[in-house]
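Chemist: Quick one, what's the 3D model for this:
(chains A and B)
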Amino acid sequence: GAVVSQHPSRVICKSGTSVKIECRSLDFQATTMFWYRQFPKKSLMLMATSNEGSKATYEQGVEKDKFLINHASLTLSTLTVTSAHPEDSSFYICSASWGLAGGVADTQYFGPGTRLTVL
Amino acid sequence: AQKVTQAQTEISVVEKEDVTLDCVYETRDTTYYLFWYKQPPSGELVFLIRRNSFDEQNEISGRYSWNFQKSTSSFNFTITASQVVDSAVYFCALSEPLGQNFVFGPGTRLSVLP
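Modeler: Reported below is the predicted structural model:
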């Protein structure tokens, strides 16, 4: 159980184009999805948190207009990197969790990641 | 602010050796959750354990064991009789009760040599 998929797993694009990455929870309904960025040999950096049906909450320093996040359903969130540039090249990882009544902390289950290369 | 420190950047052991990965955390919350994740070379993070701040019992799962000590704000992870497949980056993480402010440590790269 608790499987999260990401698509595509790898994408190469030209500078200036937009890229959409999908994150799906396959066997559970995710009330909250998270998007992370990971640089080589570094830890994960949280970019934003999104709850189904509401606007994403972005971490400080993350450009909202650059990284568009949509959480349209309880099983799907998308991250669109708009007007991508070489410095946006990175490993993007999503995670999903489900909430329990009473506010118990949720374990995050991670997708396999998407490696973006912007030429 | 919450913070997680994993002082060991890289560790190399020979197969069948035991190895302990250290994790020290900082938080002002009295209720919080601690996690360990494994990131093999494929990149996908694998959930290993979640522990809440009120449960200081040590946990054992096969070759894995965790030692949670609130007095020293540590949540260390031990792999017994390590295997080559254990080679990965291991992340310790901390979150507030509702899952907010999920913070990862910098990770420890474990290499198990045959």
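
Chemist: Pull the distance from stretch B:5-25 to the chain's centre.
Modeler: Counting by CA atoms, centre = their mean, to the nearest Å, stretch B:5-25 is centred 9 Å from the centre of its parent chain.

Chemist: quick one: contacts of it?
Modeler: For stretch B:5-25, contacts defined as CB atoms under 8 Å, 6 or more residues apart in numbering or on different chains pick out B:2-4, B:26, B:34, B:36, B:72-84, B:90-92, B:94, B:105-114. (Each C-beta comes from the backbone N, C-alpha and C, glycine too.)

Chemist: Show me which residues of chain A sit near chain B.
Modeler: Residues of chain A found near chain B (CB under 8 Å from any CB of the partner chain) are A:2, A:32, A:34, A:41-44, A:46, A:91, A:93, A:95, A:97, A:99, A:103-113, A:115.

Chemist: Strands of chain B, residue ranges please.
Modeler: Assigned by DSSP state E, chain B shows strands spanning B:3-5, B:10-14, B:19-21, B:24-26, B:33-39, B:46-52, B:59-61, B:64-69, B:74-79, B:88-95, B:103-104, B:108-113.

Chemist: Now distance to A:Ala84 and mean neighbour count too, for the ones you listed, in JSON lines please.
Modeler: Below are the strands of chain B laid out as JSON lines (distance: least, CB to CB, whole Å; neighbours: other CB atoms under 10 Å in any protein chain shown):
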{"stretch": "strand B:3-5", "distance to A:Ala84": "30", "mean neighbour count": "16"}
{"stretch": "strand B:10-14", "distance to A:Ala84": "32", "mean neighbour count": "13"}
{"stretch": "strand B:19-21", "distance to A:Ala84": "36", "mean neighbour count": "18"}
{"stretch": "strand B:24-26", "distance to A:Ala84": "35", "mean neighbour count": "16"}
{"stretch": "strand B:33-39", "distance to A:Ala84": "24", "mean neighbour count": "22"}
{"stretch": "strand B:46-52", "distance to A:Ala84": "29", "mean neighbour count": "16"}
{"stretch": "strand B:59-61", "distance to A:Ala84": "41", "mean neighbour count": "10"}
{"stretch": "strand B:64-69", "distance to A:Ala84": "39", "mean neighbour count": "17"}
{"stretch": "strand B:74-79", "distance to A:Ala84": "37", "mean neighbour count": "20"}
{"stretch": "strand B:88-95", "distance to A:Ala84": "26", "mean neighbour count": "23"}
{"stretch": "strand B:103-104", "distance to A:Ala84": "25", "mean neighbour count": "20"}
{"stretch": "strand B:108-113", "distance to A:Ala84": "29", "mean neighbour count": "17"}
